[in-house]
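Colleague: Structure here, sequence nowhere to be found:
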Ligand code: PFF
């Protein structure tokens, strides 16, 4: 089993995997989503909880997911099936793979629409549309894009087509080559933008918003959002990293690889905030603006700075590429499953999976149309949501399906798979590091996630109530 290779291909080296997995991890989640959810949830305290989740939940589960992928070397559904049988358990564990593939498919449906905004902004920036604009002018540009369903649909279609083309060509061609240049370029451009933010009068205000420690306003909903985002940003809980792990050479160290990816991902997310929040304060915008935050703050900066047309265009090109390398990893698990189980050619499988995802994405397009019947408001965990189907998909996938998938992956790696098998695959010896990892995936990560989910579904309080007499008994 350990020397198996995947029928879908293999990375040429450990570094190729790191780049591809970082490409999957770094995307709209870091640059678009993280700043706006940080803004909506009050800043620093949320960021601390998020960083804690990355370290205590994200890193061990990422190690588990890569390990399962490399040991199974198939699509996530078949990998879980094979590994369950290998360890003498019921093949029904493949349910984890099914849940993951479904989550990936739903995420990609809206992810592609948002990536379409970024595509559109390449041209807005290139045409100098932001130059000299006031905050109101920039907001009007954003609103006019959102209010134009034909345009949104067109960009969504283009982005899905780009994703399908790379997937149809296979993991090695296309993907490896693209990520090698684009990730470093994105980092350099972001550092330049941080330099710009430092020179505004509001840098200090932005930084103190990002690192304030005001835990009093942090609700359970925010904590679940932080957990969910740790999964979303590291591409965990749905098989994307598992399928990439399936192409990882046997001799690569999973622990070192994971640290590198998680560190790069976290750095990009924090840099995005260091750019966005000073600009929010500088221009009198609202931190809780929601999904439009990055698409309003950054164009304002590009409109004012020297060379803004150049930097703005380049930025949205790189953001689109970051989204592209993530979208690819969202589609790969479905496509490999169609190839393995339905006997389809890779090209046909990519077209079918891409086509169905595109269709579901149309719902998100309409979620941003003011008069559309599918737009509605609702409250989730005390927060007001007003983008109908888009918000439902986002909450269902990021806040529920990914954490649940993550718990199941942790339980599988920690309880179902034998100690020998996981130790052999992780190759971190039998010492403290291995034991720490095992304690985290067996107890800590699942417990933390389950507690938060129980709290939000209202089930935690009755459970505590039930256990109080027992606890009291021990006390007396
Ligand atoms: N990690 C990506 C981002 O932060 O944009 C999104 C993502 C990709 C989520 C792949 C889940 C996934 F499987």
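Modeller: Structure's in. What do you need? In this text the structure is predicted, and so the values were computed from the model without any measurement.

Colleague: now the strands: where do they sit in the stretch 351-476 of the chain?
Modeller: Ranges of strands in the stretch 351-476 of the chain, per DSSP state E, counting those that start in this stretch, are 378-380, 383-385.

Colleague: Tell me, how many residues neighbour residue 418?
Modeller: For residue 418, the tally of surrounding residues (other Cβ atoms under 10 Å) stands at 11. Every C-beta, even on glycine, is put in place using the N, C-alpha and C of the backbone.

Colleague: Report all helices and strands that whichever strand or helix holds residue 151 contacts.
Modeller: Element membership for residue 151, per DSSP states H and E: helix 149-169. Other elements packing on helix 149-169 under the criterion 3 or more Cβ pairs under 8 Å, 6 or more residues apart in numbering; DSSP states H and E are helix 95-126, helix 135-146, helix 308-342, helix 346-367.

Colleague: Out of these, which is closest to residue 283?
Modeller: The closest of the helices and strands packed on helix 149-169 to residue 283 is helix 135-146. By Cβ to Cβ, the value is 5.0 Å.

Colleague: what's the spacing between the closest one and its chain's center?
Modeller: Centroid displacement of helix 135-146 relative to its chain, using Cα atoms, centre = their mean, to the nearest Å, is 26 Å.

Colleague: I'd like to check what contacts that helix. Which residues are they?
Modeller: Residues from elsewhere that reach helix 135-146, judged by Cβ atoms under 8 Å, 6 or more residues apart in numbering: 117, 120, 124, 129-130, 133, 151-152, 283-285, 292, 295-296, 299-300, 303, 368-369.

Colleague: count of residues packed around the residue of the stretch 151-300 of the chain found nearest the ligand?
Modeller: Minimum separation of the stretch 151-300 of the chain from the ligand (Cβ to the nearest ligand atom) falls at residue 240, amounting to 3.0 Å. Neighbour count for residue 240, taken as other Cβ under 10 Å: 29.

Colleague: Tell me the spacing between it and residue 344.
Modeller: Relative to residue 344, residue 240 is positioned 20 Å away (Cβ to Cβ, to the nearest Å).

Colleague: Repeat that for residue 407.
Modeller: Distance from residue 407 to residue 344, by Cβ to Cβ: 31 Å.

Colleague: between the two, who's got more neighbours?
Modeller: Each of residue 407 and residue 344 has its neighbours counted (other Cβ under 10 Å); residue 407 has more, 22 against 17.

Colleague: I figured the more buried one hits residue 445, correct?
Modeller: Yes: applying Cβ atoms under 8 Å, one finds residue 407 in contact with residue 445, separated by 7.3 Å.

Colleague: Name the residue of the stretch 351-476 of the chain with the shortest distance to the ligand.
Modeller: residue 402 (7.1 Å).

Colleague: what's around that residue, how many residues?
Modeller: 28.

Colleague: need the contact list for it.
Modeller: 103, 228, 231-232, 236-238.

Colleague: State the helix or strand in which residue 5 lies.
Modeller: Per DSSP H and E, there is no helix or strand for residue 5.

Colleague: Leaving out chain neighbours, which residue sits closest to it?
Modeller: residue 73 (6.3 Å; Cβ to Cβ, 6 or more residues apart in numbering).

Colleague: count of residues packed around the one you found?
Modeller: Counted with other Cβ under 10 Å, residue 73 comes out at 24.

Colleague: you'd agree it is up against residue 10?
Modeller: No: using Cβ under 8 Å, residue 73 is not in contact with residue 10; the gap is 9.2 Å.

Colleague: near the ligand, anything from the strand or helix carrying residue 228?
Modeller: Counting by DSSP H and E, the element that carries residue 228 is helix 220-233. Yes: Helix 220-233 reaches the ligand (Cβ under 6 Å from any ligand atom) through 232-233.

Colleague: need the next SSE after that helix, C-terminal direction.
Modeller: Taking DSSP H and E, what comes next after helix 220-233 is helix 240-245.

Colleague: ok now the helix or strand following that next one, how far from the chain's centre?
Modeller: Using DSSP H and E, the next helix or strand after helix 240-245 towards the C-terminus is helix 254-282. The chain centre lies 13 Å from the centre of helix 254-282; the measure is Cα atoms, centre = their mean.

Colleague: now stretch 56-67
Modeller: With Cα atoms, centre = their mean, you get 14 Å for stretch 56-67.

Colleague: In contact with whichever residue of the chain sits closest to the ligand, which residues are there?
Modeller: At 2.1 Å from the ligand, residue 29 is the closest residue in the chain, using Cβ to the nearest ligand atom. By Cβ under 8 Å, 6+ apart, the contact list for residue 29 reads 229, 232-233, 269, 326.

Colleague: one step back: what pLDDT does the residue nearest to the residue of the stretch 151-300 of the chain closest to the ligand when sequence neighbours are not counted get?
Modeller: Closest residue in space to residue 240, ignoring its immediate chain neighbours: residue 329 at 4.1 Å, by Cβ to Cβ, 6+ apart. pLDDT recorded at residue 329 is 92.
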